[in-house]
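1. Fold the stuff below for me.
(chains A and B)
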Amino acid sequence: MAPLNFVLVGVGGQGAILASDILTEVGIQAGYDAKKAEVHGMAQRGGSVITHIRWAEKVYSPLIGKGEAHFLLALEKLEALRYIDYLRPGGIAIVNDQAIPPVAVNIGAASYPDDDRIKGALGEVAEKVLFIPALRKAEEIGDPRVVNIVLLGALSSLLDVPDETWQRVIERRVPQKYLELNLRAFREGKKLA
Amino acid sequence: MEKELMLGNEAIARGAWEAGIEVAAAYPGTPSTEILEAFARYPGVYAEWSVNEKVALDVAVGAAYSGRRAMAAMKHVGLNVAADSFFYASMTGAEAALIIITADDPAMHSSQNEQDNRRYAKFARVPCLEPSDSQEAKEMMKAAVEISEAFDTPVLFRITTRIAHSAGLVTLGERVTRPQKLSEFPRNVPKYVMLPANARLRHPVIEERIKRLEEFAETFPYNRMEMGDPSLGIVTCGVAYQYAREVFPEASFLKLGMTYPLPKRMVKEFASKVDRLIVIEELDPFLEEEIRLMGIPVEGKSIFPICGEFDPTVVREAAIKAGLLPLEARVEIPKVEVGELPPRPPILCPGCPHRGVFYVMNKLKLAVTGDIGCYTLGALPPLSTIHTCGCMGAGVGQAHGADKSGLGERVVAVIGDSTFFHTGMPALLNVAYNNGKTITVVLDNRSTAMTGHQGHPGTGQTLQGGKSSEVMIEDVARAFGIKNVYTVDSYDIKGVEKALKEALAKDEAVVIVARRECALLPEVRKNYKPLRVDPEKCNGCGLCFRAGCPATLRSEEIDPKTKRPKMKIDPLLCTGCEVCAQICPRRAILFRAQLD
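-> Numbering: from 1, shown residues only, chains lettered A, B, ... in the order given. Below is the predicted model:
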């Protein structure tokens, strides 16, 4: 089994930790050793967040080195650009087409990069760049909070792991009353990719 | 055996439970918080949030004196608060295991410094254990308990953020409890009463103890040689071991699970087997100095950084620079021109009750000493309110010092509710006792919010779901002898301003309790009601942006007169706190009552 490194980025509060929990557990269920590294505390307060997930026969470092991520998964598009140097040349970027302007942008002290700049830069490194309307899809389904699961759904279409494995892990990690919602988010995400 | 994916902190809790620890105490602090949260859920244990780390450690000591295995957990700077207790506990030992967990924070993800707490182990003559992943974290808690009881010593269990908050698979085991238990508190005066006469007799005991531990380290199973290519020998520990294994797959390793005291013979043997000896360790050159003191040539911080945390890139690049790896070992890092990106530092959440208070303080141009908590973020623009932040409980004392310095400018201290109970109380008592004139604003959001909403004496909620009386900060202030005590609603901008102006007019100490629940608490979330902007009224003046709320955005619509973008509200983020609505001079932001 070839090792796989995933960098999951976004803004504190977008559900990066749940998504990374699920992704790590899916790796284990698929027969890999897996580790993840996440950020708690102050950084979570609306700040830029990055979590690392690794699948391999044997994982040593919980952190992924720069240029070593096979997948860059972004819950927010500016954050995709911020962590572009983690992406391995020829890797894949899956980006939720959502902008959360930082306060510096709102007060006019900085400008938010346009889509061409983001797509252009990602395209220079990645073999494939998927911009997906994950937030819109999550809202359609009925809850913007499942945007993280929509993104995982999109990722699942590019990995050789059976859907049942993903579903089993989601069942374990999500409260019963939100299970249907999350499973639907996963299926819809898969269609987006 | 059953396996589970666990954070390092969860694995420590599991290891503590399996090792028969019965009593645990802590004050929440990133990256240590989840240890007690996870431990508290196991059956047959007592776990509490203590008011601060020093108290937590004394609680653990008391339990260990009573023959119950005990632990105290804290972030690295928490051990500064608990240091006094840490040193006496080393002198006395206990009747059962006493484990102190320190969670250090290289890179300062959520801290004010990068102190390396292995220094405390040597300082207090206490053994230090360091796991390298979740599985080891669990196993080594058991080893720590055994060492503590075999050598009658506290054990310092040191982790770092990347151990605490990384997850890996852990094999679960059974709980083993201590066979015989005391039913009476020990009355062993020479051992437990550190009067000078007794302490003088104890000091040689702990010096001799550390020598025996040094001998024990030679056979400690978590100190091991992994021999590979002998041209390079790497001594390493903790998470740095993982990075080193990744970057140097061929090298020889001396992997230390006990980083104080060192197994000297093992180190010498390892050094003699390799051509070049290096140490890969985060933060201080702790192992490096110990090895150099043994007269063995070694390199470490001349190659690898002393500041910040490592990752495979940091280790690899430093190794290439030092000629330890060929240039071809370099991993290609994408060099893409992305231009300047807007920063996204952590920020006060939408609906945060601190925002309005800071907005007023900024407007009044006050000098403000700050403290540790979410509210430290009030230092950042556009609120730019806090002018100091040192450590827990420092702000009130600093403001009092400024008051007594003859400076002339009235300095205001802000402190959170949990921090007030942690170390703010003695500082406020000191203001009252010394007839100070400090204005202390307690930002009471009814929670230890930054670390994830833990209870404290003001909430009346204990860690294991118990209830206790809710301590009112106003009552504490009055009991201290402070006459001017105000209570305001943090969301009431006018009320906050009025209280602050009245306080500034007084020539004596004032306490203002600005109270409003943290907007992320579940019961508050139920009452979110996103506000709307009336675009007819908004002229794009931008005053609302000075509150720095992430939910207030610039719209695409430009006001024809001011030529500035009108404001809009993100309905997904807005909680309906109405702070921006109160700030708006044109009343363009609709209040809750104005919405349908």
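
2. If you count neighbours, what's buried in stretch B:287-300?
-> B:Leu287, B:Glu288, B:Glu290, B:Ile291, B:Ile296, B:Val298, B:Glu299, B:Gly300 (16 or more other CB atoms under 10 Å in any protein chain shown). All C-beta atoms are positioned from the backbone trio N, CA, C, and that covers glycine.

3. Just put those residues in JSON lines and tack on distance to B:Arg265.
-> Shown next, in JSON lines, are these (distance: CB to CB, whole Å):
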{"residue": "B:Leu287", "distance to B:Arg265": "16"}
{"residue": "B:Glu288", "distance to B:Arg265": "18"}
{"residue": "B:Glu290", "distance to B:Arg265": "14"}
{"residue": "B:Ile291", "distance to B:Arg265": "13"}
{"residue": "B:Ile296", "distance to B:Arg265": "12"}
{"residue": "B:Val298", "distance to B:Arg265": "16"}
{"residue": "B:Glu299", "distance to B:Arg265": "21"}
{"residue": "B:Gly300", "distance to B:Arg265": "21"}
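
4. Save the residues you listed as a markdown table, and put in secondary structure too.
-> Formatted as a markdown table, the buried residues of stretch B:287-300 follow (DSSP: H, G, I helix; E, B strand; the rest coil):
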| residue | secondary structure |
| --- | --- |
| B:Leu287 | helix |
| B:Glu288 | helix |
| B:Glu290 | helix |
| B:Ile291 | helix |
| B:Ile296 | coil |
| B:Val298 | coil |
| B:Glu299 | strand |
| B:Gly300 | coil |
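
5. Spit out the contact partners of the closest residue to B:Met294 other than its chain neighbours.
-> Setting aside the residues directly before and after it, B:Met294 is nearest to B:Lys264 in space (CB to CB, 6 or more residues apart in numbering or on different chains), at 6.0 Å. Contacts for B:Lys264 (CB atoms under 8 Å, 6 or more residues apart in numbering or on different chains) come out as B:Glu214, B:Glu218, B:Met294.

6. try it again with 10 Å
-> B:Glu214, B:Glu215, B:Ala217, B:Glu218, B:Glu290, B:Ile291, B:Leu293, B:Met294, B:Ile296 (CB atoms under 10 Å, 6 or more residues apart in numbering or on different chains).

7. ok, and the closest non-adjacent residue to the fourth one?
-> The shortest distance from B:Glu218 to any residue that is not its chain neighbour, by CB to CB, 6+ apart, is 4.4 Å, and that residue is B:Pro263.

8. Would you map the helices across the stretch 301-450 of chain B?
-> B:312-321, B:354-363, B:394-404, B:417-419, B:425-433 (DSSP state H, counting those that start in this stretch).

9. now, of those helices, which is deepest in the fold?
-> Among the helices of the stretch 301-450 of chain B, helix B:417-419 has the highest mean neighbour count (mean count of other CB atoms under 10 Å in any protein chain shown), at a mean of 28.

10. same for it, what does it pack against?
-> helix B:394-404, strand B:439-444, strand B:510-515 (3 or more CB pairs under 10 Å, 6 or more residues apart in numbering or on different chains; DSSP states H and E).

11. does any part of the first one sit near chain A?
-> It refers to helix B:394-404. No: Helix B:394-404 stays clear of chain A (CB under 10 Å from any CB of the partner chain), getting no nearer than 17.1 Å.

12. so what's the residue nearest to the spatial centre of chain A closest to, chain neighbours aside?
-> In chain A, the C-alpha nearest the mean C-alpha coordinate belongs to A:Leu73, at 3.4 Å (CA atoms, centre = their mean). Using CB to CB, 6+ apart and skipping the chain neighbours, the partner closest in space to A:Leu73 is A:Leu8 (4.6 Å).

13. helix or strand right after the helix or strand hosting that neighbour?
-> According to DSSP states H and E, A:Leu8 maps onto strand A:4-11. Per DSSP H and E, strand A:4-11 leads on to helix A:16-29 as the next helix or strand towards the C-terminus.

14. The helix or strand following that following helix: partners in the sheet, and parallel or antiparallel?
-> Per DSSP H and E, the first helix or strand lying C-terminal to helix A:16-29 is strand A:33-37. With DSSP bridges as the test, strand A:33-37 is paired with strand A:48-56 (antiparallel), strand B:166-171 (antiparallel).

15. follow-up on the earlier one: so which elements touch the strand holding A:Leu8?
-> Counting by 3+ CB pairs under 10 Å, 6+ apart, strand A:4-11 packs on helix A:16-29, strand A:33-37, strand A:48-56, strand A:69-74, helix A:77-82, strand A:87-96, helix A:147-156.

16. Just the angle for it relative to helix A:147-156, thanks.
-> 150 degrees (axes from the mean of the first three to the mean of the last three CA atoms, to 10 degrees).

17. ok, stretch B:353-363 near chain A or not?
-> No: judged by CB under 10 Å from any CB, stretch B:353-363 and chain A are separated, with a smallest distance of 11.1 Å.

18. same question for that stretch, mean pLDDT?
-> Stretch B:353-363 shows a mean pLDDT of 98.

19. Redo the helices of the stretch 301-450 of chain B as CSV? Include distance to B:Ile210.
-> Output for those, formatted as CSV (distance: least, CB to CB, whole Å):
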stretch, distance to B:Ile210
helix B:312-321, 31
helix B:354-363, 46
helix B:394-404, 33
helix B:417-419, 36
helix B:425-433, 34
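
20. Measure how buried A:Thr51 is and give me the count.
-> Burial of A:Thr51 is recorded as 24 neighbouring residues (other CB atoms under 10 Å in any protein chain shown).
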